[in-house]
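Chemist: coords please:
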Amino acid sequence: MFPLTALSLALLIPALPDQELSLFSPEDLLHQPFVVLLELQNLEEVSPSELKALRSRIEEDRDRKIAEVRQREGEWKKKLAFHRNELETLNRLGSKDTPAGAQKRSGLHVEIAALERCIHDAEIEREHTIPARYEMQLTKLWLAQHWPSRRSEIQQRIEGGQARNRRHGDADDIGYRSLVKNPEQDIPAGEQAARQMVNGGWLPFELQDNEVQAYVRTIAARIGANSDLRVPLRVTVLDSAELKALALPGGYLYVTSGVIRAAQTESELAGVLSREVARIAARHATRSSKVSLVSKLFVPVTQVAAGMFTGGAVSPAAAYGIGYGIEGLNGVLQHVLNGTNEKFQTEADQLGIQYAWKAGYDPRGFIAFLDSISGNTTNNFLSDEPQLQERLLNSFTEIQYLPAQRDVVPDNGEFDRIRSRVMP
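Modeler: So this is what the prediction gives:
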């Protein structure tokens with residue numbers, strides 16, 4: 001078992017000691033971080049039948065627990081209906097309550113409120129928490145089955161001189177390639193959206209810590225300078241425990257202090273930021289627009305996006321326990337204009353990995369961040385399209401293709417000092 005914080009940042013894919021397969025049963029794989037699954041050798045020797053049997057047991061256990069919660073939920077709903085019928089009976093007794101009736105009514109109110117809370121919590125557990133917890137395990141088994149053949153295929157393509165014959169395979173030309181046309185046209189729309197969100201109170205307050213703000217902006221600036229970004233980058237840390245990052249058109253990027261708390265290394269934080277820089281560089285929020293003035297849509301869109309931070313309406317794609325993709329306003333905008341766009345999610349992952357790599361950060365940073373938050377099954381950090389397993393396989397693929405890094409950002413302990421400033 002390799003602790004996540006021990007991952008070296010010195011090389012692109014540092015060589016871990018060869019893993020003796022006898023040390024890893026399929027059950028052992030469930031406890032490995034995703035970044036370790038990326039490195040494990042001889043995964044193809046894991047018995048497919050054992051993987052299939054374990055997957056079946058996990059799915060059965062998941063379905064059993066969901067059924068148990070559904071049963072409790074049903075019992076609470078019956079009790080709730082009974083207590084509400086008792087209220088109706090009290091109301092039919094007269095215009096005013098007797099002292100005994102008033103006492104009974106008060107008790108019923110307490111019972112109804114408690115039952116409503118229980119039903120609400122059970123619904124979240126049944127629909128989000130339990131599926132997310134088991135999805136992480138099922139994803140690891142799926143990767144153990146599919147990653148070895150993909151890795152072999154990549155190696156053959158590299159040896160055959162075909163590594164660059166993939167979408168955005170010209171990673172050595174980052175900063176000199178043209179992803180999109182007229183990125184500067186997004187700046188007015190982004191300015192308007194940022195102004196509306198701040199003035200409307202749809203964002204948490206800016207974190208009042210100049211050192212943290214400067215630190216995060218320095219990382220983002222390094223990533224931006226090693227990306228395909230063609231607009232100025234404006235980064236703000238928000239004071240919120242939520243795990244959210246938000247990329248607006250035209251270079252506006254917001255990240256919560258909760259993301260800094262959850263990250264374990266600077267490369268994890270860089271992995272989150274680089275993916276949002278990728279969204280801006282690739283103009284995801286505006287490429288799907290079918291109208292001439294995207295800015296007109298920002299008022300209703302920001303009202304939807306406000307739910308990410310205020311507990312109101314949640315973005316349509318944020319229905320996955322550990323949430324998916326730092327959905328952000330641009331993701332909501334995509335849904336409003338063109339539905340959920342899996343192509344953009346995949347592109348943001350790939351470009352984000354490339355930008356982190358080019359900037360000298362461990363390109364596995366975002367994957368490691370998913371490991372760091374894997375125990376938190378209540379946040380909405382990722383959307384559910386594409387599926388987590390496909391997303392990770394594609395991320396593994398891009399990392400495998402990238403050449404060794406030239407300039408690596410040293411770990412000087414600054415991240416730990418900054419992280420301590422935002423801890424509760």
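Chemist: okay, now the domains of this structure?
Modeler: Domain segmentation of the chain under automatic domain parsing yields 45-159, 171-422.
Chemist: where among these is the average confidence lowest?
Modeler: Lowest mean pLDDT within the domains of the chain: domain 171-422, a mean of 79.
Chemist: Find the one among the domains of the chain with the highest mean neighbour count.
Modeler: Counting by mean count of other Cβ atoms under 10 Å, domain 171-422 has the highest mean neighbour count of the domains of the chain, with a mean of 20. Using the backbone N, CA and C atoms, a C-beta is placed for each residue, glycine as well.
Chemist: any idea where the strands of the stretch 51-200 of the chain begin and end?
Modeler: With DSSP state E, counting those that start in this stretch as the definition, the stretch 51-200 of the chain shows no strands.
Chemist: now do the stretch 201-350 of the chain
Modeler: Under DSSP E, counting those that start in this stretch, the stretch 201-350 of the chain gives strands at 234-238, 245-248, 252-256, 324-325.
Chemist: Just tell me which of these ends up closest to Asn412.
Modeler: Closest to Asn412 of the strands of the stretch 201-350 of the chain is strand 234-238 (Cβ to Cβ; 20.2 Å).
Chemist: which residues are in contact with that closest one?
Modeler: Applying Cβ atoms under 8 Å, 6 or more residues apart in numbering, the contact partners of strand 234-238 are 194, 203-207, 209, 212-213, 216-217, 220-221, 244, 251-257, 260, 273, 309.
Chemist: now the angle from that strand to strand 252-256?
Modeler: Put simply, strand 234-238 runs at 20 degrees to strand 252-256, going by axes from the mean of the first three to the mean of the last three Cα atoms, to 10 degrees.
Chemist: could you dump the strands of the stretch 201-350 of the chain to a markdown table with distance to Glu342?
Modeler: Shown next, in a markdown table, are the strands of the stretch 201-350 of the chain (distance: least, Cβ to Cβ, whole Å):
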| stretch | distance to Glu342 |
| --- | --- |
| strand 234-238 | 27 |
| strand 245-248 | 17 |
| strand 252-256 | 22 |
| strand 324-325 | 10 |
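Chemist: Minimum distance to Asn85: which of those has it?
Modeler: Go through these one by one with Cβ to Cβ and the one that ends up closest to Asn85 is strand 324-325, at 41.7 Å.
Chemist: can you pull out the helices in the stretch 251-400 of the chain?
Modeler: Taking DSSP state H, counting those that start in this stretch as the criterion, the stretch 251-400 of the chain carries its helices at 257-262, 266-281, 284-287, 298-305, 307-310, 328-338, 342-358, 365-372, 388-401.
Chemist: no, scratch that, I was asking about the stretch 51-200 of the chain
Modeler: Using DSSP H, counting those that start in this stretch, the helices of the stretch 51-200 of the chain run over 99-124, 130-159, 186-199.
Chemist: Taking strand 252-256 as reference, get the angle to the last one.
Modeler: To tie it back to what came earlier, the one meant is helix 186-199. Relative orientation of helix 186-199 and strand 252-256, computed by the same axes, to 10 degrees: 40 degrees.
Chemist: For helix 186-199, name the packing helices and strands.
Modeler: With contacts taken as 3 or more Cβ pairs under 8 Å, 6 or more residues apart in numbering; DSSP states H and E, helix 186-199 sits against strand 245-248, strand 252-256, helix 284-287, helix 298-305.
Chemist: do that again at 10 Å, thanks
Modeler: Secondary-structure packing of helix 186-199 (3 or more Cβ pairs under 10 Å, 6 or more residues apart in numbering; DSSP states H and E): strand 234-238, strand 245-248, strand 252-256, helix 284-287, helix 298-305, helix 328-338.
Chemist: repeat for the longest one
Modeler: Other helices and strands packing on helix 130-159, by 3+ Cβ pairs under 10 Å, 6+ apart, are helix 26-29, helix 34-39, helix 48-92, helix 365-372, helix 388-401.
Chemist: on that earlier part again, and Leu37, which of the domains of the chain is closest to it?
Modeler: Of all those, domain 45-159 comes closest under Cβ to Cβ, at 5.4 Å.
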